[in-house]
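Chemist: Please find the sequence and the predicted model below.
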Amino acid sequence: MPQIVTLPLAYADDEESNYAYKIGTILIFTQNHIQTILENPELKKSNIIEFYNKNKGNLENKILYLVKEEVEPKLQSEQHFKRIYPYSFKFVTRDEIEQAIDTKNPDVAFLHKVGPGKKYGSKTYKIILGTKDSKIYYFDHHTVSQNNPDALLESDIKNLTK
């Protein structure tokens, strides 16, 4: 079956309040993605993530909004996070992300994390999107384990600042 867009929104048992406020940005991303596919017909399901990671935006001039509980526990203090992330960031509420999305704040990018909780062996997806342009600034996933919780990991931070 052909797919137009495959972007994880939530696990089936996830509460709607954990993702509903992001749907506007995700829909704009979907529209942009369809245009990208039309302009680049050689893109397939197998190489689309590679394409987006190769063409990702630069977070240097953005404020990264993060919900503290979606970040690896050892990085949940500003002091620890600041040690590995050289750009502006802010731990915020979901309401603050929603407000940045609603106003299409050009200075903000946010984490869209889709994860299974403590269900080992399942995947956690981490996507950083711009609130104004719905551009992807980072996309990756990992399998949840004892050493890799359902969260944005230190290794993700190091990868997205390369």
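Modeler: Alright, I've got the coordinates.

Chemist: So which elements touch the helix or strand of the chain with the lowest mean pLDDT?
Modeler: Here the helix or strand of the chain ranked lowest by mean pLDDT, DSSP states H and E is helix 48-54, holding a mean of 79. Judged by 3 or more Cβ pairs under 8 Å, 6 or more residues apart in numbering; DSSP states H and E, the packing partners of helix 48-54 are strand 136-143. (Glycine included, C-beta is placed from N, CA and C.)

Chemist: for the longest helix seen in the chain, which positions count as buried?
Modeler: Scanning the chain for the longest helix, with DSSP state H as the assignment, gives helix 23-39. Residues T25, I26, I28, F29, H33, I37 are the ones in helix 23-39 that count as buried (16 or more other Cβ atoms under 10 Å).

Chemist: in the strand or helix carrying S155, what's buried?
Modeler: Under DSSP states H and E, the secondary-structure element containing S155 is helix 154-160. Of the residues in helix 154-160, those with enough neighbours to count as buried (16+ other Cβ under 10 Å) are E154, D156, I157, L160.

Chemist: Tell me where this structure is predicted with low confidence.
Modeler: 1-6, 12, 45-46 (pLDDT under 70).

Chemist: Strands of that one, residue ranges please.
Modeler: Counting by DSSP state E, the segments of the chain that form strands are 63-66, 89-91, 108-114, 123-130, 136-143.

Chemist: Switch those over to a markdown table; also include distance to P149.
Modeler: Compiled in a markdown table, the strands of the chain are given as follows (distance: least, Cβ to Cβ, whole Å):
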| stretch | distance to P149 |
| --- | --- |
| strand 63-66 | 15 |
| strand 89-91 | 17 |
| strand 108-114 | 11 |
| strand 123-130 | 8 |
| strand 136-143 | 10 |
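
Chemist: Out of the ones you listed, which gets nearest to L9?
Modeler: Evaluated with Cβ to Cβ, the strands of the chain place strand 108-114 nearest to L9, the distance being 6.8 Å.

Chemist: returning to that earlier point: distance between the helix holding S155 and the chain's centre?
Modeler: The gap between where helix 154-160 is centred and where its chain is centred comes out at 12 Å by Cα atoms, centre = their mean, to the nearest Å.
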